[in-house]
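Visitor: Below: sequence and its predicted model.
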Amino acid sequence: MRRRLGLALLLAAGPAAAQPRPDVTAMTCAAAQALVARAGAVVVTTGPATYSRIVRDIGFCTIEASTRPDFERTRDVADCFVGYRCVDRFSEGRDGP
C-alpha cells in the first residue's frame, strides 16, 4: 500500500513547474553579481526576447571552452559586469563553419 501511495504522489507531482528566468534588467548590478556568484551558472533574461547563460568561472564551461567577460544592462548600471560567458576557444569570432 505504501508503495502505491508513494508512486501516486510521485505521478501527481508531475514535472517540476517551469520557473521564470531571473531578469537582470530588473535587478541591481550587485544583485545580479551575487546571483551568479551564488549559483555558479545561471540562465538569465537580458531583454524582452533575449537570454544569456552567465557563469562564475571557467569551471562551469565545457573543456573546450574559455570565458569572456559578460556585461549586461541592470536596473542601476548600463554596463554591469555580471560574470562570464563560455565561448568556444577554437571558433569564437569566426564567420561560418
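Guide: Yep, that arrived. Numbers count the residues shown, from 1 in each chain.

Visitor: Confirm that V36 sits in a strand.
Guide: No. Using DSSP: H, G, I helix; E, B strand; the rest coil, the assignment for V36 is helix, not a strand.

Visitor: residues touching it, list them.
Guide: By Cβ atoms under 8 Å, 6 or more residues apart in numbering, V36 lies in contact with V42, I54, V55, R56, V82, G83. Bear in mind the C-beta positions are built from the backbone N, C-alpha and C, glycine included.

Visitor: Check it and give its pLDDT.
Guide: You'll see V36 listed with a pLDDT of 98.

Visitor: Quick check: closest non-adjacent residue to it.
Guide: The shortest distance from V36 to any non-neighbouring residue, by Cβ to Cβ, 6 or more residues apart in numbering, is to G83 (4.0 Å).

Visitor: surely that neighbour meets L35?
Guide: No. Counting by Cβ atoms under 8 Å, G83 stays clear of L35, with 9.0 Å between them.

Visitor: who's more crowded, the two?
Guide: G83 (26 against 17; other Cβ atoms under 10 Å).

Visitor: could you give the mean pLDDT of stretch 69-81?
Guide: Regarding stretch 69-81, the rounded mean pLDDT is 97.

Visitor: now the helices for this protein?
Guide: Ranges of helices in the chain, per DSSP state H, are 2-13, 29-39.

Visitor: Lowest mean pLDDT across those, which one is that?
Guide: Looking at these, the weakest mean confidence is helix 2-13, a mean of 48.

Visitor: Please name the residues that touch Y51.
Guide: Y51 sits in contact with R21, V43, V44, T45, where contact means Cβ under 8 Å, 6+ apart.

Visitor: Mind giving me the ChimeraX command for buried ones among those?
Guide: A single ChimeraX command selects the buried members of those (16 or more other Cβ atoms under 10 Å):
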select :44,45
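
Visitor: Among the contacts of Y51, which pair sits farthest apart?
Guide: V43 and T45 (8.4 Å; Cβ to Cβ).
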